[in-house]
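> build me a model:
(one chain, ligands or ions: 2)
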Amino acid sequence: MKPVVFITRKLPDEVVVPLQEKFTVRMWKSESESVPRDVLLKEVADADALWSVIADQIDKEVFDAAKKLKVVSNLAVGFNNIDTEAAQSKGVIVTNTPGVLTNTTADLTFALLLATARKLIEAESELRKGNWKSWTPMDYTGMDVGGATIGIIGMGRIGEAVARRAMGFDMKVLYHNRSRKLEAEKAYGFEYKELDDLLIQSDFVVILAPFTPETKGLIGQRELELMKETSVLINVARGGIVDEEALYFALKNNQIWAAGLDVFEVEPVDPNHPLLTLPNVTVLPHIGSASIDTRIGMMNLNAYAIIDVLEGREPENRLV
Ligand code: GLV
Ligand code: GLV
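Ligands and ions are numbered 1, 2, ... in the order given. Model prediction:
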(Lines give C-alpha, C1' and ligand atoms only; values in the text may rest on other atoms or scores of the structure.)
(Ligands and ions follow the chains in the order given, each with its own letter.)
Protein backbone atom coordinates (compact mmCIF):
# COMPACT_ATOMS: atom_id res chain seq x y z
CA MET A 1 0.00 0.00 0.00
CA LYS A 2 1.23 3.45 -0.90
CA PRO A 3 1.70 5.96 1.91
CA VAL A 4 -1.23 8.34 2.40
CA VAL A 5 -0.88 12.14 2.36
CA PHE A 6 -3.72 14.35 3.60
CA ILE A 7 -3.72 18.01 2.53
CA THR A 8 -6.00 20.31 4.54
CA ARG A 9 -6.66 22.80 1.69
CA LYS A 10 -7.18 22.56 -2.04
CA LEU A 11 -3.76 23.44 -3.48
CA PRO A 12 -2.65 24.06 -7.10
CA ASP A 13 -2.05 20.97 -9.27
CA GLU A 14 1.58 21.89 -9.93
CA VAL A 15 2.53 21.34 -6.28
CA VAL A 16 0.31 18.31 -5.72
CA VAL A 17 1.15 16.26 -8.84
CA PRO A 18 4.68 15.30 -7.65
CA LEU A 19 3.07 13.80 -4.53
CA GLN A 20 0.34 12.06 -6.52
CA GLU A 21 2.98 10.28 -8.60
CA LYS A 22 4.32 8.60 -5.46
CA PHE A 23 1.60 8.46 -2.84
CA THR A 24 -2.13 8.24 -2.28
CA VAL A 25 -3.07 11.90 -1.92
CA ARG A 26 -6.30 13.06 -0.33
CA MET A 27 -7.09 16.77 -0.25
CA TRP A 28 -9.80 18.86 1.43
CA LYS A 29 -12.06 20.20 -1.34
CA SER A 30 -12.04 23.92 -0.51
CA GLU A 31 -9.38 26.52 -1.16
CA SER A 32 -10.96 29.11 1.12
CA GLU A 33 -12.63 27.15 3.92
CA SER A 34 -10.84 25.23 6.64
CA VAL A 35 -11.26 21.51 6.82
CA PRO A 36 -13.89 20.73 9.48
CA ARG A 37 -12.42 19.33 12.65
CA ASP A 38 -14.21 15.96 12.41
CA VAL A 39 -12.95 15.49 8.84
CA LEU A 40 -9.40 16.34 9.90
CA LEU A 41 -9.53 13.84 12.78
CA LYS A 42 -10.90 11.13 10.50
CA GLU A 43 -8.47 11.80 7.64
CA VAL A 44 -5.41 11.94 9.85
CA ALA A 45 -6.19 8.54 11.38
CA ASP A 46 -4.52 6.57 8.56
CA ALA A 47 -2.38 9.34 7.05
CA ASP A 48 1.40 9.01 6.83
CA ALA A 49 1.81 12.73 6.13
CA LEU A 50 -0.27 15.80 6.94
CA TRP A 51 0.11 19.04 4.98
CA SER A 52 -1.42 21.79 7.14
CA VAL A 53 -2.12 25.52 6.98
CA ILE A 54 -2.05 28.04 9.85
CA ALA A 55 -5.83 27.92 10.26
CA ASP A 56 -5.58 24.27 11.38
CA GLN A 57 -4.97 23.55 15.05
CA ILE A 58 -2.68 20.53 14.95
CA ASP A 59 -2.88 19.74 18.65
CA LYS A 60 -2.57 16.70 20.88
CA GLU A 61 -6.00 15.46 19.86
CA VAL A 62 -4.87 15.33 16.22
CA PHE A 63 -1.64 13.52 17.10
CA ASP A 64 -3.60 11.05 19.27
CA ALA A 65 -6.01 10.37 16.41
CA ALA A 66 -3.13 9.67 14.01
CA LYS A 67 -2.02 6.05 13.96
CA LYS A 68 0.88 6.16 11.50
CA LEU A 69 1.69 9.81 11.01
CA LYS A 70 5.36 10.50 10.24
CA VAL A 71 5.39 14.15 9.24
CA VAL A 72 3.39 17.37 9.50
CA SER A 73 4.47 20.04 7.01
CA ASN A 74 3.01 23.48 7.70
CA LEU A 75 2.44 26.01 4.90
CA ALA A 76 3.98 28.91 6.87
CA VAL A 77 7.15 29.96 8.62
CA GLY A 78 5.20 30.37 11.88
CA PHE A 79 4.16 27.13 13.57
CA ASN A 80 2.27 28.25 16.67
CA ASN A 81 -0.73 26.28 15.32
CA ILE A 82 1.17 23.03 15.91
CA ASP A 83 1.76 21.38 19.28
CA THR A 84 5.39 20.50 18.62
CA GLU A 85 5.74 18.81 22.03
CA ALA A 86 2.90 16.44 21.20
CA ALA A 87 4.53 15.82 17.80
CA GLN A 88 7.86 15.05 19.41
CA SER A 89 6.37 12.71 21.99
CA LYS A 90 4.75 10.75 19.15
CA GLY A 91 7.92 10.80 17.05
CA VAL A 92 6.31 12.91 14.31
CA ILE A 93 8.58 15.25 12.33
CA VAL A 94 7.35 18.85 11.84
CA THR A 95 8.61 21.15 9.07
CA ASN A 96 7.90 24.77 8.03
CA THR A 97 8.76 27.10 5.13
CA PRO A 98 11.39 29.67 6.14
CA GLY A 99 13.67 31.56 3.79
CA VAL A 100 11.60 31.62 0.61
CA LEU A 101 9.15 34.12 2.09
CA THR A 102 11.64 36.51 3.69
CA ASN A 103 11.73 39.23 1.02
CA THR A 104 8.05 38.92 0.15
CA THR A 105 7.04 39.38 3.78
CA ALA A 106 9.49 42.25 4.24
CA ASP A 107 7.99 43.94 1.15
CA LEU A 108 4.48 43.63 2.57
CA THR A 109 5.67 44.94 5.93
CA PHE A 110 7.03 48.03 4.25
CA ALA A 111 3.94 48.42 2.08
CA LEU A 112 1.72 48.33 5.18
CA LEU A 113 4.02 50.74 7.00
CA LEU A 114 3.86 53.23 4.13
CA ALA A 115 0.11 52.75 3.62
CA THR A 116 -0.57 53.35 7.31
CA ALA A 117 1.77 56.32 7.64
CA ARG A 118 0.37 58.02 4.54
CA LYS A 119 -3.32 56.94 4.87
CA LEU A 120 -3.27 55.33 1.42
CA ILE A 121 -6.22 53.03 1.91
CA GLU A 122 -8.46 55.76 3.35
CA ALA A 123 -7.51 58.19 0.57
CA GLU A 124 -8.09 55.59 -2.15
CA SER A 125 -11.49 54.60 -0.81
CA GLU A 126 -12.63 58.25 -0.49
CA LEU A 127 -11.67 58.85 -4.13
CA ARG A 128 -13.66 55.79 -5.23
CA LYS A 129 -16.68 57.03 -3.24
CA GLY A 130 -16.59 60.28 -5.24
CA ASN A 131 -15.32 62.34 -2.33
CA TRP A 132 -12.37 63.94 -4.16
CA LYS A 133 -13.88 67.41 -4.56
CA SER A 134 -10.70 69.46 -4.72
CA TRP A 135 -7.08 69.48 -3.63
CA THR A 136 -7.00 70.25 0.08
CA PRO A 137 -4.13 71.46 2.22
CA MET A 138 -4.45 69.09 5.16
CA ASP A 139 -6.62 66.14 4.08
CA TYR A 140 -4.94 62.71 4.30
CA THR A 141 -1.81 64.18 5.78
CA GLY A 142 0.25 61.54 7.52
CA MET A 143 3.62 60.79 9.06
CA ASP A 144 6.96 60.93 7.27
CA VAL A 145 8.73 57.61 6.82
CA GLY A 146 11.97 58.90 5.30
CA GLY A 147 14.47 59.77 8.02
CA ALA A 148 12.26 58.44 10.85
CA THR A 149 13.31 55.89 13.46
CA ILE A 150 12.09 52.31 13.04
CA GLY A 151 12.16 49.86 15.93
CA ILE A 152 11.97 46.20 14.93
CA ILE A 153 10.87 43.67 17.54
CA GLY A 154 12.09 40.25 16.40
CA MET A 155 15.24 40.49 14.31
CA GLY A 156 15.08 37.21 12.42
CA ARG A 157 15.51 36.88 8.68
CA ILE A 158 12.39 38.93 7.96
CA GLY A 159 13.32 41.57 10.55
CA GLU A 160 16.72 42.02 8.94
CA ALA A 161 15.16 42.26 5.47
CA VAL A 162 12.82 45.00 6.75
CA ALA A 163 15.79 46.79 8.35
CA ARG A 164 17.69 46.79 5.05
CA ARG A 165 14.65 48.27 3.29
CA ALA A 166 14.45 50.91 6.03
CA MET A 167 18.05 51.91 5.28
CA GLY A 168 16.92 52.78 1.75
CA PHE A 169 14.50 55.25 3.36
CA ASP A 170 17.31 56.80 5.42
CA MET A 171 15.72 55.49 8.59
CA LYS A 172 17.53 54.94 11.85
CA VAL A 173 17.14 51.24 12.72
CA LEU A 174 16.68 50.04 16.31
CA TYR A 175 15.92 46.43 17.14
CA HIS A 176 15.02 44.19 20.01
CA ASN A 177 15.63 40.46 19.88
CA ARG A 178 16.31 37.54 22.20
CA SER A 179 19.89 37.50 20.96
CA ARG A 180 22.13 40.28 19.68
CA LYS A 181 22.81 40.40 15.93
CA LEU A 182 26.38 41.61 16.14
CA GLU A 183 27.21 41.04 12.48
CA ALA A 184 24.24 43.09 11.31
CA GLU A 185 25.06 45.79 13.89
CA LYS A 186 28.57 46.00 12.49
CA ALA A 187 27.66 45.74 8.82
CA TYR A 188 24.67 48.09 8.82
CA GLY A 189 24.74 50.08 12.06
CA PHE A 190 21.53 48.62 13.48
CA GLU A 191 21.26 49.42 17.21
CA TYR A 192 20.14 46.92 19.82
CA LYS A 193 17.73 48.33 22.45
CA GLU A 194 15.91 47.00 25.48
CA LEU A 195 12.23 46.74 24.63
CA ASP A 196 11.18 49.81 26.66
CA ASP A 197 13.87 52.01 25.10
CA LEU A 198 12.88 50.86 21.62
CA LEU A 199 9.24 51.74 22.31
CA ILE A 200 10.14 55.16 23.71
CA GLN A 201 12.45 56.11 20.83
CA SER A 202 10.78 54.68 17.71
CA ASP A 203 8.46 56.45 15.26
CA PHE A 204 7.52 53.09 13.75
CA VAL A 205 7.37 49.96 15.90
CA VAL A 206 7.30 46.83 13.76
CA ILE A 207 6.52 43.42 15.21
CA LEU A 208 8.18 40.46 13.51
CA ALA A 209 8.69 38.07 16.42
CA PRO A 210 7.40 34.49 16.53
CA PHE A 211 4.30 33.84 18.66
CA THR A 212 5.44 31.97 21.76
CA PRO A 213 4.48 31.94 25.47
CA GLU A 214 7.14 34.70 25.91
CA THR A 215 5.74 37.00 23.21
CA LYS A 216 2.03 36.46 23.96
CA GLY A 217 0.64 39.87 24.96
CA LEU A 218 4.13 41.41 24.73
CA ILE A 219 2.65 44.74 23.64
CA GLY A 220 0.00 45.71 26.20
CA GLN A 221 -1.21 48.88 27.88
CA ARG A 222 2.10 49.62 29.61
CA GLU A 223 4.10 49.21 26.40
CA LEU A 224 1.67 51.29 24.32
CA GLU A 225 1.89 54.06 26.91
CA LEU A 226 5.65 54.18 26.37
CA MET A 227 5.24 54.83 22.64
CA LYS A 228 5.19 58.35 21.15
CA GLU A 229 1.84 60.01 20.43
CA THR A 230 3.01 60.34 16.83
CA SER A 231 4.09 56.72 16.51
CA VAL A 232 2.76 53.93 14.31
CA LEU A 233 2.54 50.25 15.30
CA ILE A 234 2.84 47.62 12.55
CA ASN A 235 2.07 43.95 13.25
CA VAL A 236 2.76 41.38 10.55
CA ALA A 237 3.70 38.52 12.91
CA ARG A 238 0.84 37.10 14.97
CA GLY A 239 -2.15 38.90 16.46
CA GLY A 240 -1.71 37.49 19.96
CA ILE A 241 1.56 39.38 20.44
CA VAL A 242 -0.47 42.58 20.86
CA ASP A 243 -3.24 42.98 23.43
CA GLU A 244 -6.03 44.11 21.08
CA GLU A 245 -8.14 45.70 23.82
CA ALA A 246 -5.21 47.81 24.96
CA LEU A 247 -4.43 48.70 21.34
CA TYR A 248 -8.02 49.80 20.73
CA PHE A 249 -7.86 52.04 23.79
CA ALA A 250 -4.49 53.53 22.79
CA LEU A 251 -5.68 54.30 19.24
CA LYS A 252 -9.06 55.60 20.32
CA ASN A 253 -7.43 57.98 22.80
CA ASN A 254 -4.65 59.00 20.43
CA GLN A 255 -1.95 57.64 22.72
CA ILE A 256 -0.36 56.39 19.51
CA TRP A 257 -1.06 57.79 16.05
CA ALA A 258 -2.01 54.72 14.00
CA ALA A 259 -1.65 50.98 13.57
CA GLY A 260 -1.25 48.72 10.54
CA LEU A 261 -2.32 45.14 11.15
CA ASP A 262 -1.93 42.10 8.90
CA VAL A 263 -2.72 39.70 11.75
CA PHE A 264 -5.31 39.37 14.52
CA GLU A 265 -5.85 37.43 17.73
CA VAL A 266 -8.73 35.57 16.04
CA GLU A 267 -8.60 35.08 12.26
CA PRO A 268 -10.47 35.77 10.10
CA VAL A 269 -11.12 38.94 12.12
CA ASP A 270 -14.79 39.76 12.71
CA PRO A 271 -15.70 42.71 10.44
CA ASN A 272 -17.43 44.22 13.50
CA HIS A 273 -14.28 44.02 15.63
CA PRO A 274 -13.88 47.31 17.58
CA LEU A 275 -10.44 47.92 16.00
CA LEU A 276 -12.08 48.06 12.55
CA THR A 277 -14.31 50.96 13.63
CA LEU A 278 -11.27 53.22 14.09
CA PRO A 279 -10.10 55.51 11.26
CA ASN A 280 -6.46 55.24 12.32
CA VAL A 281 -6.17 51.50 11.71
CA THR A 282 -5.13 49.95 8.39
CA VAL A 283 -6.02 46.27 8.11
CA LEU A 284 -5.07 43.41 5.81
CA PRO A 285 -6.16 39.74 5.74
CA HIS A 286 -2.84 38.06 6.71
CA ILE A 287 -1.12 38.39 3.32
CA GLY A 288 2.54 38.81 4.35
CA SER A 289 3.87 36.01 2.14
CA ALA A 290 1.25 36.35 -0.59
CA SER A 291 3.17 36.65 -3.85
CA ILE A 292 2.61 34.02 -6.52
CA ASP A 293 6.23 32.86 -6.63
CA THR A 294 6.62 32.80 -2.87
CA ARG A 295 3.44 30.86 -2.16
CA ILE A 296 4.41 28.28 -4.81
CA GLY A 297 7.94 28.22 -3.37
CA MET A 298 6.55 27.58 0.13
CA MET A 299 4.34 24.77 -1.18
CA ASN A 300 7.27 23.17 -2.98
CA LEU A 301 9.20 23.16 0.32
CA ASN A 302 6.26 21.37 1.96
CA ALA A 303 6.03 18.83 -0.87
CA TYR A 304 9.80 18.08 -0.83
CA ALA A 305 9.72 17.69 2.96
CA ILE A 306 6.87 15.19 2.75
CA ILE A 307 8.59 13.23 -0.03
CA ASP A 308 11.87 13.21 1.90
CA VAL A 309 10.32 11.90 5.11
CA LEU A 310 8.16 9.28 3.40
CA GLU A 311 11.18 8.07 1.41
CA GLY A 312 13.33 7.85 4.53
CA ARG A 313 15.48 10.96 4.11
CA GLU A 314 16.05 13.83 6.53
CA PRO A 315 13.88 16.78 5.41
CA GLU A 316 15.00 20.40 5.26
CA ASN A 317 13.49 22.90 7.69
CA ARG A 318 12.84 20.33 10.38
CA LEU A 319 11.50 21.87 13.60
CA VAL A 320 11.21 18.69 15.72
C1 GLV B 1 2.46 33.30 7.88
O2 GLV B 1 1.96 33.94 8.76
C3 GLV B 1 3.62 32.51 8.12
O4 GLV B 1 3.96 32.25 9.30
O5 GLV B 1 4.26 32.08 7.14
C1 GLV C 1 11.60 34.04 9.52
O2 GLV C 1 12.04 33.53 8.50
C3 GLV C 1 12.38 34.86 10.40
O4 GLV C 1 13.38 34.34 10.88
O5 GLV C 1 12.05 36.05 10.58
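
> burial check on residue 59, number of neighbours?
13 (other Cβ atoms under 10 Å). Bear in mind the C-beta positions are built from the backbone N, C-alpha and C, glycine included.

> just residue 197 next, same as before
Using other Cβ under 10 Å as the criterion, the residues surrounding residue 197 number 15.

> so residue 58 makes contact with residue 80?
No - using Cβ atoms under 8 Å as the test, residue 58 is too far from residue 80 to be in contact (10.5 Å).

> how much space between the most centrally placed residue in the chain and residue 131?
Closest residue to the average C-alpha location of the chain: residue 237 at 3.9 Å, with Cα atoms, centre = their mean. Applying Cβ to Cβ, to the nearest Å, one obtains 34 Å for the distance of residue 237 from residue 131.

> for whichever residue of the stretch 201-320 of the chain sits closest to ligand 2, which non-adjacent residue is spatially closest?
Nearest residue of the stretch 201-320 of the chain to ligand 2: residue 208, at 5.9 Å (Cβ to the nearest ligand atom). Using Cβ to Cβ, 6 or more residues apart in numbering and skipping residues adjacent in sequence, the residue nearest residue 208 is residue 154, 4.0 Å away.

> residue 210 now?
residue 78 (6.2 Å).

> burial count for the one you found?
Neighbours around residue 78, by other Cβ under 10 Å: 18.

> now for it: which residues touch it?
54, 96, 210, 211, 237, 238 (Cβ atoms under 8 Å, 6 or more residues apart in numbering).

> mind telling me what element it is part of?
Secondary structure assignment for residue 78, by DSSP states H and E: no helix or strand.

> and the gap between it and residue 293?
20 Å.

> ok, residue 131 next?
From residue 131 to residue 293 the distance is 37 Å (Cβ to Cβ).

> name the nearest residue to residue 79, ignoring sequence neighbours.
Residue 79 sits nearest to residue 96 (Cβ to Cβ, 6+ apart), 5.1 Å away.

> which residue ranges of the chain form strands?
4-7, 24-27, 49-52, 71-74, 93-95, 149-153, 172-176, 191-192, 204-207, 232-235, 258-261, 281-283 (DSSP state E).

> pLDDT of stretch 56-74, averaged?
Across stretch 56-74, pLDDT averages out at 98.

> whoops, I mixed them up, stretch 270-282
Mean predicted confidence for stretch 270-282 is 98.

> can you give me the end-to-end distance of it?
15 Å (Cα to Cα, to the nearest Å).

> how many other residues sit next to the residue nearest to residue 79?
Around residue 96 there are 21 residues (other Cβ under 10 Å).

> same question, residue 14
Neighbours of residue 14 under the rule other Cβ under 10 Å: 11.

> check contacts around the nearest residue to it once chain neighbours are set aside.
Once flanking residues are discounted, residue 14 sits nearest to residue 296: 7.1 Å by Cβ to Cβ, 6+ apart. Residues near residue 296 by Cβ under 8 Å, 6+ apart: 12, 14, 15.

> now render the residues you listed as TSV, adding pLDDT and distance to ligand 2.
As requested, the contacts of residue 296 are exported to TSV (pLDDT from 0 to 100; distance: Cβ to the nearest ligand atom, whole Å):
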residue	pLDDT	distance to ligand 2
12	97	23
14	97	24
15	98	20
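
> what distance do you get for the nearest residue in space to residue 302 that is not next to it in sequence to ligand 2?
Excluding the flanking residues, the one nearest residue 302 by Cβ to Cβ, 6+ apart is residue 73, at 4.2 Å. For residue 73, the distance to ligand 2 equals 16 Å [Cβ to the nearest ligand atom, to the nearest Å].
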